[in-house]
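1. the following block contains a protein sequence and its predicted model.
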Amino acid sequence: MGNKKNWSDTRIRYILSNPTYLGKIRYDGKTYDGKFSPIIDEETFNKTQNELKERQTATYKRFNMKLRPFQSKYMLSGLLRCGYCGATLFVNSYVYNGKRKLRYNCPSTYKSKQKTRTYKIMDPNCPFKLVYAKDLEPAVINEIKNLALNPQSIQKPVKKTPDIDVEAIQKELTKVRKQQQRLIDLYVISDDVNIDNISKKSADLKLQEETLKKQLAPLEEPDNDDKIVAFNEILAQIKDIDSLDYDKQKFIVKKLIKKIDVWNDNKIKIHWNI
């Protein structure tokens, strides 16, 4: 109400899939019963989800696309980083001349508020423009072919032991997790709670938790000799990656690559998964 702008299909789908209207709340990947009254019944909600699924399937058939899990729908999903600001690039799909096209944008320079709420903005002045999947995917496949011909070109990374106060970090991590639990308890038992404030505080605590876990991660990483062996075994099996179908190429890319830095004009730097 009060907003004269047209609602996007993404926004409408989000609303139709939101369990809040069913009297529930999502937190940290789980769904909890809320202390507020639902505005729709469970049967209606489930029928809506089934209808959305059927329409999605019909759309994929219309454009002759395979229906794949969201996280692994595209070859480079989740792997691309802006070479200028470090933000994770997101995929935009559109139809041109009856064919589905894909391009990747940086959230730092994209103007859609819906996307910038989902992806972290690193630098509002980032010079990144956009890149097309039809240009990036062949470039990545070509790098894998070159590596298969010269696997010794990758040097084993030297593991460094950071000088950190493990006990202090673990104590802080425990403190943050207790605050997260108190936040859940507050939401569940309270009839008068500001959801926006709860969500903001939850996001802040989640960020703190991830930051602390990253500080401890180097100490928990096992020796990567087995990882290198597995990496080279996959390379040895690649005879003609160009002849493989899209799903098999995508599997190889996900196994071999940790992330890819991308700049304008399709310049890339691959960080191999070793």
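-> Noted; the coordinates are in hand. Numbering: from 1, shown residues only.

2. end-to-end on stretch 86-100?
-> Between the start and the finish of stretch 86-100 there is a gap of 27 Å, counting by Cα to Cα, to the nearest Å.

3. contacts for that stretch?
-> Residues lying outside stretch 86-100 but in contact with it, judged by Cβ atoms under 8 Å, 6 or more residues apart in numbering, are 63, 65, 74, 76-78, 80-82, 101-108, 110, 115, 118-123, 126, 131, 133, 262. Backbone N, C-alpha and C define where each C-beta goes, glycine included.

4. for residue 19, give its distance to residue 240.
-> Counting by Cβ to Cβ, to the nearest Å, the separation of residue 19 from residue 240 is 47 Å.

5. neighbour count for those two, which is higher?
-> residue 19 (17 against 8; other Cβ atoms under 10 Å).

6. need the nearest residue in space to the more buried one, chain neighbours excluded.
-> If you skip the residues right next to it in sequence, residue 19 has residue 31 as its closest partner in space, 5.8 Å away by Cβ to Cβ, 6 or more residues apart in numbering.

7. what are the phi and psi values for the one you found?
-> Here is the backbone geometry of residue 31 (degrees, to the nearest 10): phi -110, psi 130.

8. for it, give me its contacts.
-> Under the contact definition (Cβ under 8 Å, 6+ apart), the residues listed for residue 31 are 19, 24, 25.

9. please tell me how far it sits from residue 22.
-> Counting by Cβ to Cβ, the separation of residue 31 from residue 22 is 9 Å.

10. now do the buried residues in whichever strand or helix holds residue 142.
-> Taking DSSP states H and E as the criterion, residue 142 maps to helix 133-149. Along helix 133-149, these residues count as buried under the neighbour rule (16 or more other Cβ atoms under 10 Å): 133, 136, 137, 140, 141, 143, 144, 147, 148.

11. do the same with stretch 83-92
-> If you call a residue buried by 16+ other Cβ under 10 Å, then stretch 83-92 has these buried ones: 83, 84, 85, 87, 88, 89, 90.

12. switch the residues you listed over to a markdown table; also include distance to residue 271.
-> Putting these into a markdown table (distance: Cβ to Cβ, whole Å) gives the following:
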| residue | distance to residue 271 |
| --- | --- |
| 83 | 12 |
| 84 | 16 |
| 85 | 17 |
| 87 | 16 |
| 88 | 13 |
| 89 | 14 |
| 90 | 19 |
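
13. what is the nearest of these to residue 216?
-> When the buried residues of stretch 83-92 are ranked by distance to residue 216 (Cβ to Cβ), residue 88 comes first, at 22.2 Å.

14. how close does the closest one sit to residue 52?
-> Residue 88 sits 26 Å away from residue 52, taking Cβ to Cβ as the criterion.

15. narrow the contacts of stretch 86-100 to those in strands?
-> Among the contacts of stretch 86-100, the members found in strands (DSSP state E) are 80, 81, 82, 101, 102, 103, 104, 105, 131, 262.
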